[in-house]
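Participant: Here is a sequence together with a model predicted from it:
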Amino acid sequence: MKKQLLWLISPVLFAATPVGSTEILFELSNQMNYQLNYKEYSTDFQSVPANPNVFEEVDSYLDKELTTPYKKIKPNQSFSIIGVDSNSQNQLVFQLKDKSYVVADQTHIYDDIILSQKVVAEKAWLKKGFTLYSSPIANQAKKIDIGVKPYKEVTVSEIVETHLGFFAKINSKAWVNVADLSETDNRIDAVQELLTTKYHSKNIAVYVKKLSTGETAGVNQDKMMYAASVTKLPALYYVQENINQKKIKLTDSVKYVKETEDFDGAYEPEGSGSIPKTPDNQNYNIDDLINRTAKESDNVASNLLGYYAADKFDKRFYQETTRIAGQKWDMVSRMASAEMAGLMMEAIYHQNGYVLESLSTTNFDDQRIARDIDVKVAHKIGDAYDFKHDVAIVYAKEPFVVSIFTDQMTYDDISQIANDVYRILK
């Protein structure tokens, strides 16, 4: 039995209120008792159903010997039982109001009533494909619409048990099978459906993670692409680690010399940013370099951090960043996946330091992920050749990571993906 089902029905199991069902006295003649006691009838009734229904189509007969077919009774079709009898084959049969007979077998006929009920006060989330009913009693239930949608939170006020299972009353308006409810927020399933149906393209890779639950969704999230300036994230993370461990300070200054652009993993000085493109032998503070790397994506600032504050991407650097990203993020080839970038951004989020603050207001907030989202966004962009990327923490009510890598797509495409994900998780 699924966890969600147990979660909702456990109060019923431990505090069930039985409901009586017999309206007709279940009395048999001596001969009938003799016949029925001659053989064990595990599928026979011990009481007459007050509101009979059938699990599937059942034949009725003109005689209690069940030899002359009369008509078929379908599920939720109204019929009444007026008596009980037995035939020469020692079968217990019900006589119906239309004078026909059916086998009194609990595998075919059931009493369509509430067996137990319990008042609760719980939150739940609707699954895809749910159906709402006006009643938990099958032959009284009609399909209804109260304006709720899949993956949305609802309030459960009552749980009942019937022969068809457990049903929950939601928003005080409708009944739904408990199997169509999730105990936990299942909006990540909606994100996965969105990505699979709308953004399943070889040119798009997306990784989404809810930080409160660890649930993820994605499409091509492990596809390796040239990450461009998103590769500055591992360096920023490692710099923040060195700050946290008091190996360096934000106020420390370092000199811009030729060696800072000649080590493995250094960027070409050209590109965005405001630091001169040739070494000027000037001193720059670590906090200033973090800001220029995060906010401007300055290649020179990133090189200075990599050289002085990230240990020139040595063995310890790769050990730590590989632990975070799940695999080696080569600072020379700069090949990475959307998931690797998302995991690195998540690690920066948990550091909750100066780097995260710097990523929260950048020169690129009017494009890509941050463009249309109306809450705080910390993000790092990357551009090179036909590759355009963005990786972000979106500070929704429950913050989440969204990492979007693209090839031959536009900034608007990235914004649209981010907007669609945010509409679900905001």
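Facilitator: Yep, it's here. Given the structure is predicted, the values throughout are model-derived calculations rather than measurements.
Participant: So what are the structural domains in the protein, by residue number?
Facilitator: Following automatic domain parsing, one gets these domains for the chain: 3-14+114-182, 30-111, 188-425.
Participant: least reliable of these going by mean pLDDT?
Facilitator: In terms of mean pLDDT, the lowest-scoring of the domains of the chain is domain 30-111 (a mean of 86).
Participant: hang on, residue 172 in a strand?
Facilitator: No: under DSSP: H, G, I helix; E, B strand; the rest coil, residue 172 falls outside any strand and is assigned coil.
Participant: residues contacting it?
Facilitator: By CB atoms under 8 Å, 6 or more residues apart in numbering, residue 172 lies in contact with 155, 157. C-betas here are computed from N, CA, C, even on glycine.
Participant: how about it, phi and psi?
Facilitator: Residue 172 adopts backbone torsions of phi 60, psi 20, taken as degrees, to the nearest 10.
Participant: next one: residue 134
Facilitator: In terms of degrees, to the nearest 10, the main-chain angles of residue 134 are phi -80, psi -20.
Participant: next one: residue 240
Facilitator: phi -60, psi -40.
Participant: likewise residue 304?
Facilitator: Backbone torsions of residue 304, given as degrees, to the nearest 10, read phi -60, psi -40.
Participant: returning to what we had before: so of the domains of the chain, which one's packed in deepest?
Facilitator: domain 188-425 (a mean of 19; mean count of other CB atoms under 10 Å).
Participant: Pull up the distance across that one, start to finish.
Facilitator: Start and end residues of domain 188-425 are separated by 8 Å (CA to CA, to the nearest Å).
Participant: which residues touch the nearest residue to residue 73 once chain neighbours are set aside?
Facilitator: Of all residues not flanking residue 73 in the chain, residue 58 sits nearest, at 4.8 Å (CB to CB, 6 or more residues apart in numbering). Neighbouring residues of residue 58 by CB under 8 Å, 6+ apart: 72, 73, 102, 103, 108, 109.
Participant: now swap in residue 294 and tell me
Facilitator: Contacts for residue 294 (CB under 8 Å, 6+ apart) come out as 236, 355, 358, 359, 362, 380.
Participant: so which strand or helix has the first one?
Facilitator: When you say that, I think you mean residue 236. When elements are assigned from DSSP states H and E, residue 236 belongs to helix 232-244.
Participant: Render the CA-only coordinates of that helix in CSV, please.
Facilitator: Output of helix 232-244 as CSV, limited to C-alpha atoms (Å, rounded to 0.1, in the frame of the first residue of the first chain):
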residue,chain,number,x,y,z
LYS,A,232,33.4,30.7,-12.8
LEU,A,233,31.0,29.1,-10.2
PRO,A,234,33.5,26.4,-9.0
ALA,A,235,36.1,29.2,-8.5
LEU,A,236,33.6,31.4,-6.6
TYR,A,237,32.6,28.5,-4.5
TYR,A,238,36.2,27.6,-3.6
VAL,A,239,37.0,31.2,-2.8
GLN,A,240,34.1,31.4,-0.4
GLU,A,241,35.3,28.2,1.2
ASN,A,242,38.7,29.7,1.8
ILE,A,243,37.1,32.8,3.3
ASN,A,244,34.9,30.7,5.6
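Participant: to the chain's geometric centre, what's the distance from stretch 316-336?
Facilitator: 29 Å (CA atoms, centre = their mean, to the nearest Å).
Participant: Report the central residue of this protein.
Facilitator: residue 188 (2.8 Å; CA atoms, centre = their mean).
Participant: any idea how far residue 72 is from residue 60?
Facilitator: 7 Å (CB to CB, to the nearest Å).
Participant: coming back round to it: for residue 389, state which of the contacts of residue 58 is nearest.
Facilitator: Closest approach to residue 389 among these (CB to CB): residue 108, at 60.9 Å.
Participant: Narrow the contacts of residue 58 to those in helices?
Facilitator: Among the contacts of residue 58, no member falls in helices (DSSP state H).
Participant: With respect to residue 45, which of these is nearest?
Facilitator: residue 109 (7.8 Å).
Participant: tell me the SS of the residue nearest to the centre of the chain?
Facilitator: helix.
Participant: can you map out the helices along the chain?
Facilitator: For the chain, helices defined by DSSP H occupy the ranges 3-14, 30-37, 187-198, 232-244, 286-291, 299-304, 315-325, 338-351, 354-359, 411-425.
Participant: List of residues touching the third one?
Facilitator: Among residues not part of helix 187-198, those counted as contacts by CB under 8 Å, 6+ apart are 125, 127-128, 150-151, 206, 208, 210, 213, 215-219, 420-421, 424-425.
Participant: go with 6 Å
Facilitator: Residues from elsewhere that reach helix 187-198 (CB atoms under 6 Å, 6 or more residues apart in numbering): 151, 206, 208, 210, 215, 217, 219, 420, 421, 424, 425.
Participant: Residue 401 is in contact with the last one, correct?
Facilitator: No: if you go by CB atoms under 6 Å, residue 425 and residue 401 don't touch, sitting 10.6 Å apart.
Participant: so where do the strands sit in the stretch 101-250 of the chain?
Facilitator: 101-103, 109-111, 116-126, 153-162, 165-170, 174-177, 181-182, 204-210, 216-219, 225-226 (DSSP state E, counting those that start in this stretch).
Participant: export those strands to CSV and tack on distance to residue 328?
Facilitator: Putting the strands of the stretch 101-250 of the chain into CSV (distance: least, CB to CB, whole Å) gives the following:
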stretch, distance to residue 328
strand 101-103, 69
strand 109-111, 61
strand 116-126, 38
strand 153-162, 41
strand 165-170, 48
strand 174-177, 48
strand 181-182, 37
strand 204-210, 18
strand 216-219, 20
strand 225-226, 15
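Participant: Looking at those strands, spot the one closest to residue 374.
Facilitator: Residue 374 sits nearest to strand 204-210 of all the strands of the stretch 101-250 of the chain, at 18.3 Å, using CB to CB.
Participant: Distance from that closest one to the middle of the chain?
Facilitator: Here the centre of strand 204-210 is set off from its chain's centre by 13 Å, with CA atoms, centre = their mean.
Participant: This completes my enquiry, with thanks.
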